[in-house]
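J.: My questions are about this predicted structure, shown below with the sequence.
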4 protein chains.
Amino acid sequence: MSSFPSTLLSGYRNFMSGRYVDQRERYRVLAEQGQKPHTLVVACCDSRAAPEMIFDADPGELFVVRNVANMVPPYEPDGQYHSTSAALEFAVQALRVRDIIVMGHGRCGGIRAALDPNAEPLSPGDFIGKWMNLVAPAAEQIQGNSVMTAVERQTALERISIRNSISNLRTFPCVKILEERGKLRIHGAWFDISNGELWLMDPQTRDFVRLDGQDG
Amino acid sequence: MSSFPSTLLSGYRNFMSGRYVDQRERYRVLAEQGQKPHTLVVACCDSRAAPEMIFDADPGELFVVRNVANMVPPYEPDGQYHSTSAALEFAVQALRVRDIIVMGHGRCGGIRAALDPNAEPLSPGDFIGKWMNLVAPAAEQIQGNSVMTAVERQTALERISIRNSISNLRTFPCVKILEERGKLRIHGAWFDISNGELWLMDPQTRDFVRLDGQDG
Amino acid sequence: MSSFPSTLLSGYRNFMSGRYVDQRERYRVLAEQGQKPHTLVVACCDSRAAPEMIFDADPGELFVVRNVANMVPPYEPDGQYHSTSAALEFAVQALRVRDIIVMGHGRCGGIRAALDPNAEPLSPGDFIGKWMNLVAPAAEQIQGNSVMTAVERQTALERISIRNSISNLRTFPCVKILEERGKLRIHGAWFDISNGELWLMDPQTRDFVRLDGQDG
Amino acid sequence: MSSFPSTLLSGYRNFMSGRYVDQRERYRVLAEQGQKPHTLVVACCDSRAAPEMIFDADPGELFVVRNVANMVPPYEPDGQYHSTSAALEFAVQALRVRDIIVMGHGRCGGIRAALDPNAEPLSPGDFIGKWMNLVAPAAEQIQGNSVMTAVERQTALERISIRNSISNLRTFPCVKILEERGKLRIHGAWFDISNGELWLMDPQTRDFVRLDGQDG
């Protein structure tokens, strides 16, 4: 046990003497009664894009799936195991969340890899390559664009991918049905890790619009 | 945009006027230089088990994969997309993390489902069922035990599953090789959401031992 | 007499010049009026698990039966002599104790023997083997589990055995009747000799829950 | 858990903040390395006659069997379960204790019951009756004595019973053999609960001689 990262042990002690003390009762009730998170967030693994930090969430609020580039694959009931699909099914059917947020962010490494024509597989399994294929058609189009800058292409694909994932969410029958009945709402968001800005997707136009930190 | 959950908008404003102000410079540097998280954490989607909270982590510290029941599937380079495998590959090969923590927790809904002999599929796709099959052999053994209480079986399987996932991690050649070379360390942890206790897996015995919040 | 263990003679002198001096009057009264212990404790012979130490008890408080693995056999009025049954009968019917505690502990040698598939009889009489048969059905189930660690199996059986013994207590008509009338309460406890932790059995769920040394 | 006797919870807290703090390291080592008690004590359940108190023993020192009237039955390898025989076998063959002490005491309730011609069974099972039959021949003789006082008869039988139990110890082949080889020593002791006096049995004459508290 002496090899467990000491920074994390320190962090855990800070948690126990700080935040946990304030929320001890809340944790106890959550343990006894079970979790009733109101929102499913699909976020990126990126260390700079943790939803709990960005939304200053309390324990029990957010059911969070995190994968590379915050993607939702299309509905494929093929008998194979699908991690993100399982989490989605659990959140929607068991926990009955009311909102799903697909949250992307700037400088996403997965998106960068998808846009890199010279990208080599990171290992023979090339799992990142196969995973990022979920956004391949759009990535190809963007890749071929010679008049946008690299950052513009990056940001464009990050947002296109969020829209893709939202479309994929709607291929899940349980999502589609609950959304149509007004019991589930789907949102897109994009977090600029360089300056903390949050951009929300307009449900009609599907454009990303910056949320002003003071108003909203 | 009026439909974006207002509690999350409030939370975001708290973040921007609180924590973000303290860490503004850090976010800027992280954006410019890229992330160098030291640790990959495989955690559960559960709203009560967020690693950043439990380890009081700063942005840039933890690369976090979250799926139901914090599982790592075995290495299967079959050309299909595998979300957790992709995140693992990215963390180990691209980001060169030094530590991987598989962190489970008490009252895990996925584990409870795996132990429920009467569990019905949550949807025709039965994604949770297929996903939890990753721990099916152990679940069957534990399910068959008539002398342990339900909580004892639950806790046992939560910890067995962490050990399983750690074994699966070692089926990834990049993980195995780096671990053998001393460049990567693997850890197991189990968080008791009812009282904040953290239990760490002893690497030799594979038993979970409670970390005393005060010492360490 | 020179062969009487000298450490014990020293200990006796410490007792007589220390604790006994403080409690001289108490011993005198207890001798005159007889003992009225409020609680029967069924504990293990183990040198690390003495109830008087763990509960900082005074003389006269606890009526203590100690046998290997703190077990209570089922009610068998077969005319044979039964040491634990005799002690139980005396405590309940003659001394009228109000509480019975079955207290187990970690690293119990009897439980370890029960889980050891290669255990050889310690002597031709194999008294330990026959005695530990009291927990054989559960021991077999636990022994057959290949996914729990040795320590997990040990701890599981220690607690199952306490529950077993509590069930056996209730096969004694005098116990059953008095409990139903609210005149006798039965408790389970498990002492972790490695760190002093005390776990109490929840009477409803029968789970063992750690008592925090500070609160209660 | 709220029904666990509160005096015992207080006692446990005293233990944890007092004695346990002093002996924390000792408990840890005993847990890790196992127990190596040097002595087996056969004592009475009586709340006034706890060996650890009387000998001011530390954890790890004494392996203690406690039954009504601190008796050792004769060796009977009949396939039935025998609690005191099992403890004896474990102490001698597994733990390799060097000394066995049979410790009786004054005002013993079991001995009083054995001497009471009008004693009614405490329950239909009459476990005390059957258990005290172990000393029945001597009890009959003493009972029939009309010239000793009740206290003299009581004390006499308490000591005779200790001698009986010591003889019974020697019917166990493992005890007999080890004693003959000088690897095991057997002692008798009798504790006067009214004044703290300890009387030790002279191995030759088998008389009980008072140990002077100061010398010895």
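T.: Thanks, I have the structure now.

J.: Can you give me every residue that contacts residue A:81?
T.: By CB atoms under 8 Å, 6 or more residues apart in numbering or on different chains, the contact set of residue A:81 is B:73, B:127, B:130-131, B:133-134. The way it works is simple: take the backbone N, C-alpha and C, and place the C-beta from them, glycine included.

J.: got TSV for those residues, with distance to residue A:57, neighbour count and pLDDT too?
T.: Listed next are the contacts of residue A:81 as TSV, based on distance: CB to CB, whole Å; neighbours: other CB atoms under 10 Å in any protein chain shown; pLDDT from 0 to 100:
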residue	distance to residue A:57	neighbour count	pLDDT
B:73	28	20	96
B:127	25	28	93
B:130	29	21	92
B:131	24	27	94
B:133	31	15	93
B:134	28	23	94
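
J.: Farthest pair within those?
T.: Greatest spatial distance in these: B:73 and B:127, 13.6 Å, computed using CB to CB.

J.: now the most centrally placed residue in chain A, what's its secondary structure?
T.: Centroid check for chain A by CA atoms, centre = their mean gives residue A:43 as the closest residue, at 1.5 Å. Following DSSP: H, G, I helix; E, B strand; the rest coil, we place residue A:43 in the strand state.

J.: so it touches residue A:68, yeah?
T.: No - counting by CB atoms under 8 Å, residue A:43 stays clear of residue A:68, with 10.7 Å between them.

J.: ok so, going back, residues touching the residue nearest to the centre of chain A, list them.
T.: Neighbours of residue A:43 in contact, by CB under 8 Å, 6+ apart: A:49-51, A:64-66, A:70, A:103.

J.: Just the C-alphas of stretch A:135-154, formatted as CSV.
T.: Taking C-alpha atoms only, stretch A:135-154 is exported to CSV below (Å, rounded to 0.1, in the frame of the first residue of the first chain):
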residue,chain,number,x,y,z
VAL,A,135,-16.8,10.4,-35.9
ALA,A,136,-14.8,9.5,-39.0
PRO,A,137,-17.1,10.8,-41.7
ALA,A,138,-17.2,14.3,-40.2
ALA,A,139,-13.5,14.1,-39.4
GLU,A,140,-12.7,13.4,-43.0
GLN,A,141,-14.6,16.4,-44.2
ILE,A,142,-13.0,18.7,-41.7
GLN,A,143,-9.6,17.2,-42.3
GLY,A,144,-9.9,18.0,-46.0
ASN,A,145,-10.8,21.7,-45.3
SER,A,146,-7.8,23.7,-46.3
VAL,A,147,-9.1,27.2,-45.4
MET,A,148,-9.8,26.8,-41.7
THR,A,149,-6.9,27.0,-39.2
ALA,A,150,-6.0,24.0,-37.1
VAL,A,151,-7.7,25.4,-34.1
GLU,A,152,-10.8,26.2,-36.1
ARG,A,153,-10.9,22.7,-37.5
GLN,A,154,-10.4,21.3,-34.0
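
J.: quick check, that stretch touching chain B?
T.: No - applying CB under 8 Å from any CB of the partner chain, one finds stretch A:135-154 out of contact with chain B, separated by at least 10.7 Å.

J.: Outside of that stretch itself, list whatever touches it.
T.: A:69, A:71, A:106-108, A:111-112, A:114-115, A:117, A:132, A:156-157, A:160-161, A:164.

J.: Which ones, among the contacts of residue A:81, also lie beside chain A?
T.: B:73, B:127, B:130-131, B:133-134.

J.: follow-up on the earlier one: ok, which of the contacts of residue A:43 also contact chain D?
T.: Applying CB under 8 Å from any CB to the contacts of residue A:43, none is adjacent to chain D.
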